[in-house]
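[1] Let me see the structure of the following:
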Amino acid sequence: MATWATLKADAAQITDMNDDVIKATLGVLTAPSELAGTATTDIYLDRAKEEMKQDLLFAHNLDPNDSDDLSALDDIVNYNEDYLKKSLAFKQLCLFYTRYNGGELTVNHDRMARYCSYYQNNKSLFQKLKSSAGNITDISTAKIKL
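    You can find the predicted model right below:
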C-alpha cells in the first residue's frame, strides 16, 4: 500500500530528457546510469513533498493536525499513486530548475517554466482525486500531456 511517507517519484520520470542539465548542474554524476539512483530521486524531495502535501490537504479540505485527515491523505495517495508520483516529479523539477534558472533564453529557464506549468496543471486536479471510498470525483478521463 502506498502512503504519503513512501511516495517518491521514479528516477526515469525525473531524468527523462533532463539528464544533461541535471548531470551538468550537480557536477557529481559521471555516468548516465548514476542518474537512476537516489541522487536523482532525492533532488528537492523534502521541499517538494512538503509543498505538495499542503496543496493536497488544501484541495481536500483536510487538517494537517488531524490523524483521520492524514489517513485520508494516505488513502488518496494509495488510490492515485502513479498520478501523484508524476506530480511529485514535476514539482521536484520545477524547484530544481527554479534554483538553477540561468535567466530568459536559457534551457533551464524554459524547463523551469515547463515543469512548473505541468505541476500547476496537475495541482488543479488534486481536488478531483478519488479515494478508495469513492467519494471524490474520478479524474481518469483527464488528459495530461507530459
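[2] use CA for all of it now, contacts and neighbours both
    Will do.
[3] which secondary structure elements does the strand or helix carrying Gln54 contact?
    With elements taken from DSSP states H and E, the one containing Gln54 is helix 45-59. The criterion is 3 or more Cα pairs under 8 Å, 6 or more residues apart in numbering; DSSP states H and E, and the helices and strands that helix 45-59 contacts are helix 81-99.
[4] how distant is the helix it packs on from the center of its chain?
    Taking Cα atoms, centre = their mean, to the nearest Å, one finds helix 81-99 lying 3 Å from the centre of the chain it belongs to.
[5] go on, stretch 67-78?
    Relative to the mean C-alpha coordinate of its chain, stretch 67-78 is positioned 17 Å out (Cα atoms, centre = their mean).
[6] Now do that stretch: everything it contacts.
    The contact list for stretch 67-78, computed with Cα atoms under 8 Å, 6 or more residues apart in numbering, reads 1-4, 7, 56-57, 62-64, 84, 129-132.
[7] run the last query once more with 6 Å
    Under the contact criterion Cα atoms under 6 Å, 6 or more residues apart in numbering, stretch 67-78 has outside partners 2-4, 62-63, 131.
[8] what about burial for those, which qualify?
    Burial of those was assessed by neighbour count (16 or more other Cα atoms under 10 Å); the buried members are 3-4, 62, 131.
[9] Perfect, that will be all.
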